[in-house]
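[1] with the sequence up front, the predicted model follows.
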Amino acid sequence: MIRRIWTIFKARNNEFFRDRAAYGWNLLFPFLIIIGFSIIFNEKEQTLYKVGIVYGNLSGRTAGTEDISGSAAGDRQFLVFKDSKYTEFIDFPAFQTAMDKLQHHRIDFLINPDTRQYWLSTTSPKGYIVEKLLQAGMVPEKSPYIRERITGSEIPYSEWLFPGILGMNIMFSALYGVGYTVVRYRKNGVLKRFSVTPLRPFEFLAAQIISRMYLLTLTTLIVFLGCMVIFDFTCQGSYWSLLVVFLLGSFSMISVGLVIASRSGSEEFANGVLNLISWPMMFLSEVWFSLEGTKPWVKTASAFLPLTHLTDGARRIMNDGASLFDIRYQIFMLILMSFVFFMTGSILFKWNDE
Amino acid sequence: MRGKNHCNPNLENDNRGLLVLIQYQIGAFMNIVLEVKNLTKHYSNIKAVNGVSFSIEKGTCLGLLGPNGAGKTTTIEVIEGIRPPTSGDILYKGKPRDAHFRKEVGIQFQNTELPVFLSVLETLETFRNLYGRKSDITELIEICQLQSILLQDNRKISGGQKQRLLLAMALANDPELIFLDEPTTGLDPQSRRHLWDIVHQIKAKQKTVILTTHYMEEAQILCDRVAIMDYGKIIADGPPDKLLKEQCNSTSIILSEPPDEIILDRVADRWTKIQDGVEIHTDDLNQSIKNLLDNGVDLSAMIVRPQNLEDLFLKLTGKKLRA
């Protein structure tokens, strides 16, 4: 049995490492995401709102910051407004050009300091916030709130994001790397060929799981170390605890892939199901944003997704220094999901799609 | 207690066990490797296999012939264990198939893709390592003539090379019984003959082979016995020469410049129009030639040939073998 599992394990690994495109993508994808988001969320570069500025009623005029003069330069409200962080102010020479951009949501707000007029789309949430920023400059400060610093160490957004990105990479690699591959094997007759050898379904599935876990561990480790070096990320907790969470997360995700691949011989069908599972999982597992404040059913649905527990567990270890005991709920859920999905996949598995 | 055996499960089981034991003894005595009894496989209303029975002795090559949709592939896939039978018995060395069956048979499917990104050698090694009993890899490579492509990616080998690799995979466990499902379909004549040579070598090692094919020439050259299938049933079974002698013992005279039909009706009992002229079927070649000459028929472009398996098949099924 061990020899047969080893044989299939080796063959699958060879397939993976020689598929340069897939291998490269598995390594590159998380790096690209991290780099992309690091740039986007870099405080200096970060822009949340875009405000267009036009002056007077002139068209065709090229206006720069130095051109702000007259009423605009002396307008305290406008100067306070222009000092807002996370807001990019763009001068437009022609009113109509600016209005067109506003109508198409290329900018969130349009202001003319000379005529003291502004425009915004009533359906734009960002426009609404910018309007509040502008109006804030007019409110006299009676009893101002005092700004305090966050107690303890502040977690940069990219470090909060990092475990989620790794989890997401594991999810895609596990679901498509196992689910899609097994369906392809079935479709092109490779499984049928294996079925007439002494190889048993359990051995085949075990080899697929071990191979993908090995590959995921390797690629995740490379990405993890790379990001630690390049972005100077820190891990507050134990690396071994993190490894345990990633291994359990990988196992549970691979098991989901096995359920999808248990019967179908259609790549199109498998692709559809994989998309149906992976996309909601990506958005409901707090990879990108917190679900705080969302409707209760969304949070309930999120609790049934392995990526939620993988991301949550990894974040608590990396960001908060939690121990395995501290994240026992996440560990328990990942083990439970791994067991349920693996058993379901094994029971449903068929060599042929007859 | 009323009735006979069917009311007494124990007695029935005892009798069945005894029957299996007797069959096993007979099978062992006669060296029967595989015995198929009354095999059926139905899909909804389609009877893909409808009561097929045959047995095959050690060291022989059985050709399963038939047109597309005759049930050849379904029959052997049921025997191989890929599809469950609807009913019937399949005995391997006198016993129902068990774990040993998979270890001792070699199978080459009609259409199998190979694992991608693996070399020919790695593919062969992968399948070989799934078995406890293994063929000598050097000998395997030599027999299937894979030396020159061992390190090539599976995706970059030709159709003939792929078939040789699939055959090598089927032989990886030094099997007792080998299933070859249309191994030469789609190959050029040179590759086909190449594969025939390999099958001859397998046969020389006293291996038992079940071969399905569309090609009558192939069956005639390779098979010790042929079973012709149509509509899920075996309609003729026996050595090719014997079948031809029994059912198709005539000679064909092919005339590329045929005379009038009136003359043909006068000189021949059976004749058919063919693409290149007419074909006269006769049991007495000398008399037929004399009749043709007596009627002034020009025989300068005459071809005489004995009837072959294709003629037999056409006679039995009324179809062309290759659609």
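    Structure's in. What do you need?

[2] for residue 161, pull up the helix or strand it's in.
    This is for chain A. According to DSSP states H and E, A:L161 maps onto helix A:157-174.

[3] can you look at chain B instead?
    Using DSSP H and E, B:Q161 falls in helix B:159-170.

[4] what's downstream of that helix, the next helix or strand?
    Following helix B:159-170 toward the C-terminus (DSSP H and E): strand B:177-181.

[5] elements contacting that next one?
    Counting contacts by 3 or more CB pairs under 8 Å, 6 or more residues apart in numbering or on different chains; DSSP states H and E, strand B:177-181 packs against helix B:72-80, strand B:105-108, helix B:159-170, strand B:208-213. Backbone N, C-alpha and C define where each C-beta goes, glycine included.

[6] can you pull out the strands in chain B?
    In chain B, the segments counted as strands under DSSP state E are B:32-43, B:46-57, B:61-65, B:87-92, B:95-96, B:105-108, B:177-181, B:208-213, B:225-230, B:233-238, B:251-255, B:270-274, B:277-282, B:302-306.

[7] how far out from the middle of the chain is the third one?
    If I follow you right, that is strand B:61-65. Strand B:61-65 sits 2 Å away from the centroid of its parent chain (CA atoms, centre = their mean, to the nearest Å).

[8] for the fourth one, same thing?
    In terms of CA atoms, centre = their mean, the centre of strand B:87-92 is set 19 Å apart from its chain centre.

[9] try stretch A:131-140
    Offset of stretch A:131-140 from its chain centre (CA atoms, centre = their mean): 34 Å.

[10] with stretch B:66-80 instead?
    So, by CA atoms, centre = their mean, the centroid of stretch B:66-80 is 10 Å from its chain's centroid.

[11] using PDB, list the CA coordinates for that stretch.
    Taking C-alpha atoms only, stretch B:66-80 is exported to PDB below (Å, rounded to 0.1, in the frame of the first residue of the first chain):
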ATOM      1  CA  GLY B  66     -17.600  -7.000 -34.700                       C
ATOM      2  CA  PRO B  67     -18.800  -3.700 -36.100                       C
ATOM      3  CA  ASN B  68     -19.100  -0.500 -34.100                       C
ATOM      4  CA  GLY B  69     -21.600  -0.900 -31.400                       C
ATOM      5  CA  ALA B  70     -21.600  -4.700 -31.500                       C
ATOM      6  CA  GLY B  71     -20.700  -4.900 -27.800                       C
ATOM      7  CA  LYS B  72     -17.100  -5.900 -28.000                       C
ATOM      8  CA  THR B  73     -15.700  -3.100 -25.800                       C
ATOM      9  CA  THR B  74     -18.500  -3.400 -23.300                       C
ATOM     10  CA  THR B  75     -18.000  -7.100 -23.000                       C
ATOM     11  CA  ILE B  76     -14.300  -6.800 -22.300                       C
ATOM     12  CA  GLU B  77     -14.800  -3.800 -19.900                       C
ATOM     13  CA  VAL B  78     -17.300  -5.900 -17.900                       C
ATOM     14  CA  ILE B  79     -14.800  -8.800 -17.800                       C
ATOM     15  CA  GLU B  80     -12.000  -6.400 -16.800                       C
END
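
[12] show me the contact partners of that stretch.
    With CB atoms under 8 Å, 6 or more residues apart in numbering or on different chains as the test, stretch B:66-80 has contacts from A:196, B:34, B:36, B:39, B:41, B:48-50, B:52, B:64-65, B:83-85, B:90, B:105, B:107, B:110, B:179, B:181-182, B:210, B:212, B:214, B:228-233, B:317, B:319-323.

[13] how about it: buried residues?
    B:66-67, B:70-80 (16 or more other CB atoms under 10 Å in any protein chain shown).

[14] which of these sits closest to chain A?
    Closest approach to chain A among the buried residues of stretch B:66-80 (CB to the nearest CB): B:E80, at 5.6 Å.

[15] turn the strands of chain B into a markdown table, columns for mean neighbour count and mean pLDDT.
    Output for these, formatted as a markdown table (neighbours: other CB atoms under 10 Å in any protein chain shown; pLDDT from 0 to 100):
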| stretch | mean neighbour count | mean pLDDT |
| --- | --- | --- |
| strand B:32-43 | 19 | 87 |
| strand B:46-57 | 18 | 87 |
| strand B:61-65 | 26 | 89 |
| strand B:87-92 | 17 | 88 |
| strand B:95-96 | 13 | 84 |
| strand B:105-108 | 25 | 89 |
| strand B:177-181 | 24 | 89 |
| strand B:208-213 | 24 | 89 |
| strand B:225-230 | 24 | 87 |
| strand B:233-238 | 17 | 84 |
| strand B:251-255 | 19 | 82 |
| strand B:270-274 | 13 | 78 |
| strand B:277-282 | 20 | 82 |
| strand B:302-306 | 13 | 81 |
